[in-house]
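Student: Show me the folded form of this:
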Amino acid sequence: MDEIKTVAIPIKKEIKAEEDHDSFKEQFTMHIEQFSTAPFLFIGSGMSRRYLGIETWSELLKKICDDLHIGPSYNFYYSKANHDLPLTAKLIGDDLIDIWWKDDRFKESRNKYSDQVKTKYCPLKFEISEYLNNFFTIGNDQYFEELQLFKKINVDGIITTNWDVLLEDLFSHFTTHIGQESLLFSEYISVGEIYKIHGSINDPTSLILTSDDYSNFNEKYPYLAAKLLTIFVEQPVVFLGYSLQDSNIQEILKSIITCLSEDNITKLQDRLIFCNYDPDCHVPVFTESTLMISGTVLPIKLINLSSFKGFFEVLANNKKRLPIKILRNMQDMVFEFVKSSKSTKKIYVSDDLDELQDSKNVEFVYGVGIQDKLSEIGYKAIKLIDLYSDIISDEGYVADKVSRNILPNINARYIPYFKYLRNSGYLNEKGEIPESNDIIEFSPSFISIINSIDETSFQPSGSYLKKKNDINNKYKSFSDLVQKENFLHILVYTPCLEINKIDLDNLLEFLIENWIAKNHKNTNLRKLICLYDYLKYGLGK
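Tutor: Numbers count the residues shown, from 1 in each chain. Predicted coordinates:
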């Protein structure tokens with residue numbers, strides 16, 4: 001098997017943690033937000049060792065072998081197999097089969113599993129599964145905070161080579177598929193699913209354990225790679241709990257790159273993210289690096305860390321507008337319609353579509369909620385990104401309809417409220433909605449959100465906020481800041497400026513220029529648009 005080599009490259013725009021965890025989180029957030037899709041995770045045994053205390057594969061085989069007392073020591077099998085772990089497992093399984101069927105020590109296990117035996121290696125898989133069933137995440141005080149954040153992260157799906165049920169416990173709202181074939185024969189890769197391509201202890205016979213298992217598994221690698229290719233080219237892929245030398249990842253990446261031209265391999269640069277655990281790395285570091293695989297240089301992003309807390313916080317804050325269950329149901333319904341072309345109770349398709357010859361004339365509306373609300377704004381589905389554009393370029397939306405039908409129903413951190421509320425007459429001179437508003441029945445929670453917004457709502461947290469005084473001492477105006485700083489610092493420093501230093505015409509010019517440059521997913525740029533909206537229409541500056 002070819003050796004994987006990690007090469008750290010000196011680069012002109014290296015991404016690194018400048019001061020602390022907050023700096024890393026801001027950089028990682030900006031990187032993730034450039035993608036229109038949520039990440040997909042590849043999770044390896046390192047996560048099970050961290051959160052469950054499960055041994056390494058070699059340690060696990062040794063413990064099982066020693067505990068079962070089947071004859072020779074583990075070292076005998078390990079040396080006989082020339083330190084090949086799948087072959088070691090095969091040799092142990094060869095000797096266990098007869099003992100397992102005869103020895104009273106395995107009577108309970110035989111009663112439970114005897115009708116599931118498919119090969120002579122199944123008894124070893126049964127005993128390993130029974131052992132791993134004893135590991136739970138409950139009571140893991142050392143990593144309690146990390147686990148609470150882990151279960152809140154927003155990702156589209158997970159692929160793992162782990163056998164344990166850690167991921168099923170953390171993501172109980174995901175659907176789990178066991179075995180390589182579950183991924184190979186799925187009609188499409190859905191959101192909210194866990195693919196356990198090396199099997200699961202919930203189905204012990206599915207474990208990829210022995211050299212025979214790996215031989216069968218490797219025969220299907222090209223098909224697996226073709227299936228995974230759609231993920232790699234469409235979504236950021238984050239590898240957790242794997243060594244950069246891991247043979248499983250090496251084989252997958254080798255199969256992937258054989259399907260791609262040199263130009264397309266370069267396009268993977270921002271999509272492949274490896275988390276490398278380093279106990280001496282007290283502050284997470286985000287850098288560009290490469291992997292050398294079979295003579296091909298594969299660009300990657302590398303995160304070195306000793307704690308996953310900040311990493312999980314970023315993914316937890318990478319909010320989806322709709323819950324994963326609803327997204328999966330939406331995808332399933334549309335997929336079924338594409339196959340059958342028939343309307344259902346949940347999907348309505350106009351008969352007029354048969355008359356359309358030009359696909360440019362097709363309008364597609366996906367509504368989640370009450371149909372009557374759509375009639376208020378017609379079939380023009382106004383999204384948050386449309387509102388950002390309207391604030392700086394005036395798309396001509398009716399302020400009253402946006403205020404009543406759109407703003408109260410958007411779930412996002414930064415929303416440009418004030419242009420629409422001001423132009424609809426819902427704000428007083430202080431930029432607030434009066435509590436006793438008689439014109440429209442806004443909910444108390446919505447009124448509370450609007451009235452709690454002030455200039456501090458747009459300021460950064462952590463280390464950048466600590467620099468507020470230094471920033472105002474250094475820069476005389478927003479224009480001065482733009483002339484002296486790079487794009488990232490302009491975005492972060494501007495909300496720290498005193499209000500009288502921000503010329504709205506100059507700020508608007510900056511926003512238009514960078515919005516046209518397609519930085520639509522940048523959270524800090526969106527936040528600046530909302531700051532402009534607040535200053536111009538909320539405060540009337």
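Student: Would you mind confirming that Gly179 makes contact with Thr205?
Tutor: No: using Cβ atoms under 8 Å, Gly179 makes no contact with Thr205, being 9.6 Å away. C-beta: built from backbone N, CA, C; applies to glycine.
Student: Give me the common contacts of those two.
Tutor: Jointly contacting Gly179 and Thr205 under the rule Cβ atoms under 8 Å, 6 or more residues apart in numbering are Gly199.
Student: Of the two, which one has the most company?
Tutor: Gly179 (20 against 17; other Cβ atoms under 10 Å).
Student: residues in contact with that one?
Tutor: Lys196, Ile197, Gly199, Asp203, Ser206 are the contacts of Gly179 under Cβ under 8 Å, 6+ apart.
Student: How are the helices of the stretch 151-300 of the chain distributed by residue range?
Tutor: Remark: helices assigned in the stretch 151-300 of the chain by DSSP state H, counting those that start in this stretch are 166-170, 180-184, 211-219, 221-234, 247-257, 262-266.
Student: In a markdown table, list those helices along with distance to Ile153 and mean neighbour count.
Tutor: Below are the helices of the stretch 151-300 of the chain laid out as a markdown table (distance: least, Cβ to Cβ, whole Å; neighbours: other Cβ atoms under 10 Å):
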| stretch | distance to Ile153 | mean neighbour count |
| --- | --- | --- |
| helix 166-170 | 9 | 19 |
| helix 180-184 | 21 | 17 |
| helix 211-219 | 28 | 15 |
| helix 221-234 | 17 | 17 |
| helix 247-257 | 20 | 20 |
| helix 262-266 | 28 | 11 |
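Student: between those, which one is nearest to Phe311?
Tutor: Of all these, the one in closest proximity to Phe311, counting by Cβ to Cβ, is helix 166-170 (14.8 Å).
Student: For the closest one, what is the distance to the chain centroid?
Tutor: 16 Å (Cα atoms, centre = their mean, to the nearest Å).
Student: quick one: the residue nearest to Glu251 when sequence neighbours are not counted and Asp454, what's the gap?
Tutor: Spatially, and ignoring its direct neighbours in sequence, Glu251 is nearest to Tyr221 (6.0 Å; Cβ to Cβ, 6 or more residues apart in numbering). Look at Tyr221 and Asp454: by Cβ to Cβ, to the nearest Å, they are 57 Å apart.
Student: Could you do Gly538 as well?
Tutor: Distance from Gly538 to Asp454, by Cβ to Cβ: 9 Å.
Student: okay, the two: which has more neighbours?
Tutor: Gly538 (24 against 12).
Student: ok, that one touching Ser452?
Tutor: No: applying Cβ under 8 Å, one finds Gly538 not in contact with Ser452, separated by 11.9 Å.
Student: Does Lys25 touch Val314 like I think?
Tutor: Yes: counting by Cβ under 8 Å, Lys25 touches Val314, with 5.3 Å between them.
Student: From the contact counts, what lies against the helix or strand hosting Asp400?
Tutor: Secondary structure from DSSP states H and E places Asp400 in helix 399-401. With contacts defined as 3 or more Cβ pairs under 8 Å, 6 or more residues apart in numbering; DSSP states H and E, helix 399-401 has these neighbours: helix 418-423.
Student: quick check: mean pLDDT across the helix it packs on?
Tutor: If you average the pLDDT over helix 418-423, you get 93.
Student: One more: stretch 205-215?
Tutor: Here the average pLDDT along stretch 205-215 is 95.
Student: Relative to the whole chain's centre, how far out is that stretch?
Tutor: That offset, for stretch 205-215, works out to 29 Å (Cα atoms, centre = their mean).
Student: That one: end-to-end distance?
Tutor: This stretch, stretch 205-215, spans 16 Å end to end (Cα to Cα, to the nearest Å).
Student: which other residues reach that stretch?
Tutor: For stretch 205-215, using Cβ under 8 Å, 6+ apart, the contacting residues are 84, 86-87, 89-90, 93, 116, 118-119, 121-122, 124-125, 128-129, 161, 163, 178-180, 196-201, 217.
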